[in-house]
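J.: coordinates for the following, if possible.
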Amino acid sequence: MSHRVLTTHVPSALAKEDDSVAERLDRPRGWILKAALEQYLALERTRHELTLEALAEVDAGQTEPHEEVVRWAASLPKRPRRR
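T.: Predicted coordinates for the structure are as follows:
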């Protein structure tokens, strides 16, 4: 497998956290960043696939009337507001 070097600027706090995790796991900083990037890209791929599926459902007319969704939302238990 070929490799490429990626360079980016990150806030100091994020770099310090990467350093801390790398030290705790006894891994190179780049290993932590590579794992994080892999996870993010997998999540983004899943989001994209789900969005395409949802749009296909809309195109196929598989939707619920607005009034029905509002009625359903109103039937949900109320959650206390966070302050």
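J.: can you show me the helices along this structure?
T.: Secondary structure of the chain, counting by DSSP state H: helices at 12-25, 29-59, 66-75.
J.: nearest to residue 3, out of those?
T.: helix 29-59 (10.1 Å; CB to CB). For the C-beta atoms, the positions are set from N, CA and C on the backbone; glycine is no exception.
J.: quick one: distance of the closest one to the chain centre.
T.: Put simply, helix 29-59 sits 7 Å off its chain's centre (CA atoms, centre = their mean, to the nearest Å).
J.: now that helix: buried residues?
T.: Buried residues in helix 29-59, counted by 16 or more other CB atoms under 10 Å: 32-33.
J.: other SSEs contacting it?
T.: helix 12-25 (3 or more CB pairs under 8 Å, 6 or more residues apart in numbering; DSSP states H and E).
J.: could the helices of the chain go into TSV alongside mean pLDDT and distance to residue 1?
T.: Below are the helices of the chain laid out as TSV (pLDDT from 0 to 100; distance: least, CB to CB, whole Å):
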stretch	mean pLDDT	distance to residue 1
helix 12-25	97	22
helix 29-59	97	12
helix 66-75	97	47
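J.: of these, which is nearest residue 4?
T.: helix 29-59 (11.6 Å).
J.: so the closest one versus helix 12-25, what angle?
T.: 110 degrees (axes from the mean of the first three to the mean of the last three CA atoms, to 10 degrees).
J.: residue nearest the centroid of this structure?
T.: residue 43 (5.1 Å; CA atoms, centre = their mean).
J.: that older thread, so which of the helices of the chain gets nearest residue 83?
T.: helix 66-75 (22.7 Å).
J.: in the chain, what residue sits furthest out from the centroid?
T.: Of all residues in the chain (CA atoms, centre = their mean), residue 67 lies farthest out, 30.2 Å.
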